[in-house]
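Structure here, sequence nowhere to be found:
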DNA sequence: CCAAAAGTGTTGCGGTTACACCCATGT
DNA sequence: ACATGGGTGTAACCGCAACACTTTTGG
């Protein structure tokens, strides 16, 4: 008698994490390559089943930390995906989280479920396992929406950043060009950053560094 | 050998529905009284376990229709609650939905889980089972938020309504007084309602009825 | 004639947008 | 000297908020 024969069929619960990171002024997400059928060699989001007596936020953080070494991370639930067909093998309801962080170290993969791990530009996603493309698209919408109400964008930047960088991130997430002077006016008006006395030297150009208040 | 002994412990999945309705110009939610320990005689939200191979939206609609007779209903997922302690007996992850409707017929209760069913003013909630108070509070926040972006508020009104009624709903949900002239200007500007040639007579007063475009 | 609700416009302010030139520096 | 990016201010416009009186009608 093995487990499968006696298992009572109920939907299972998982979390999937859309981990955003900015590389070369492009928004990337962390993907892992799967080691098992039916999604062998397909890319997918990090994630996994919720453990009994574990909170959703914990499960998200745990799965995040299996891939990256991070301390201060913005991690937020944004939507739950439950179509019975989203996983071809069984019915799994997945709670979507997105994370914002800045160039974290990736951990060596020691998870047998994963063959590889990589940052992928959100504009050049490969074919993804499950409904993970939809999850990423939905995450981007929520990220865009939150940008307008919160200061989460700083989580994608290093401690010290230039105004140009800050503007570019806004442009990427909102997917439109912004006016330099209006952008700076607005930022200063909101009183959320302050000058440092440092300057970033980039070739012959130098620009002032700022930091979050 | 019974089921309990061989059951593999995993979190279960449920949906809970916050059904909003407007009664006497007050926002109400539908609550049911529970028939079983440990929440015997406690009020709770309608809801129930997700069936295998059932979509979340379907589960929400099914549970909604067990209580009310509705055709056109606005039903929307807003957040997922998964604290292991939210149900004292087992670990249930619950996907929260809210529904907007106008004075639906309540069905006779034929669900053995329910002793009673009732509309309750959101400002005089009794002590609730599980974390349902938190779920309702969260639903109200999301309702308020959506009000600013969408036209969902009409789902709480009859087909034909007065501008006064429309304004009152906005005031209730936003929890603040609005200026009559500004409100009407805005509504007309948005081009979302049109005049009917009917008039509501209320005692000695009469006001024009409008309908959604 | 008085009380109560319906209905109707204008003005001012504040925030957003549009827009162009100078500076510093490395080649 | 010139090419490139960094940095800065003003004017027009639009949406939002504040605000009060007239009309109707039942008692």
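Happy to help now that I have it. This is a predicted model, so every value here is computed, not measured. Numbering: from 1, shown residues only, chains lettered A, B, ... in the order given.

Quick check: which element contains residue A:142?
In this structure, residue A:142 is located in helix A:132-147 according to DSSP states H and E.

Surely residue A:212 and residue A:191 touch.
No: with contact defined as CB atoms under 8 Å, residue A:212 and residue A:191 do not form a contacting pair (11.0 Å). Heads up, the C-betas are built off the backbone N, CA and C, glycines and all.

who in chain A is up against DNA strand C?
In this structure, chain A approaches DNA strand C at residues A:179-182, A:185-186, A:189, A:203-206, judged by CB under 7 Å from any atom of the strand.

with those in mind, which one is nearest to residue B:86?
Of all the residues of chain A next to DNA strand C, the one with the least separation from residue B:86 (CB to CB) is residue A:186, at 40.8 Å.

quick one, phi psi at whichever residue of chain A sits closest to DNA strand C?
Closest to DNA strand C within chain A is residue A:204: 2.3 Å, counting by CB to the nearest atom of the strand. The phi/psi pair for residue A:204 (degrees, to the nearest 10) reads phi -90, psi -10.

Contact partners for it?
With contact taken as CB atoms under 8 Å, 6 or more residues apart in numbering or on different chains, residue A:204 is in contact with no other residue.

again with residue A:15
With contacts defined as CB under 8 Å, 6+ apart, the neighbours of residue A:15 are A:47-48, A:50, A:56, A:59-60, A:63, A:94-97.

Filter those down to the buried ones and hand me the PyMOL line.
Selecting only the buried members of these in PyMOL, with burial defined as 16 or more other CB atoms under 10 Å in any protein chain shown, works like this:
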select buried, chain A and resi 47+48+50+56+59+60+63+94+95+96+97
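
filter the contacts of residue A:15 down to the ones close to chain B.
Checking those against chain B by CB under 8 Å from any CB of the partner chain, the ones in range are A:50, A:56, A:95.

Quick check: the second one touching residue B:84?
Right, residue A:56. No: counting by CB under 8 Å, no contact exists between residue A:56 and residue B:84, whose distance comes to 9.5 Å.

related to what we said a few turns ago, dump the ones next to chain B among the contacts of residue A:15 to CSV, plus secondary structure, pLDDT and distance to residue B:122.
Shown next, in CSV, are those (DSSP: H, G, I helix; E, B strand; the rest coil; pLDDT from 0 to 100; distance: CB to CB, whole Å):
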residue, secondary structure, pLDDT, distance to residue B:122
A:50, coil, 97, 31
A:56, helix, 98, 26
A:95, strand, 98, 26
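
Dump the residues you listed into CSV; add distance to residue A:16 as well.
Formatted as CSV, the ones next to chain B among the contacts of residue A:15 follow (distance: CB to CB, whole Å):
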residue, distance to residue A:16
A:50, 11
A:56, 11
A:95, 8
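
just those now: which is nearest residue B:107?
Of all these, residue A:95 has the smallest distance to residue B:107: 31.0 Å, by CB to CB.

Tell me who's in contact with that closest one.
Counting by CB under 8 Å, 6+ apart, residue A:95 has contacts A:13-16, A:50, A:56, A:60, A:77, A:80-81, B:80, B:82, B:93.
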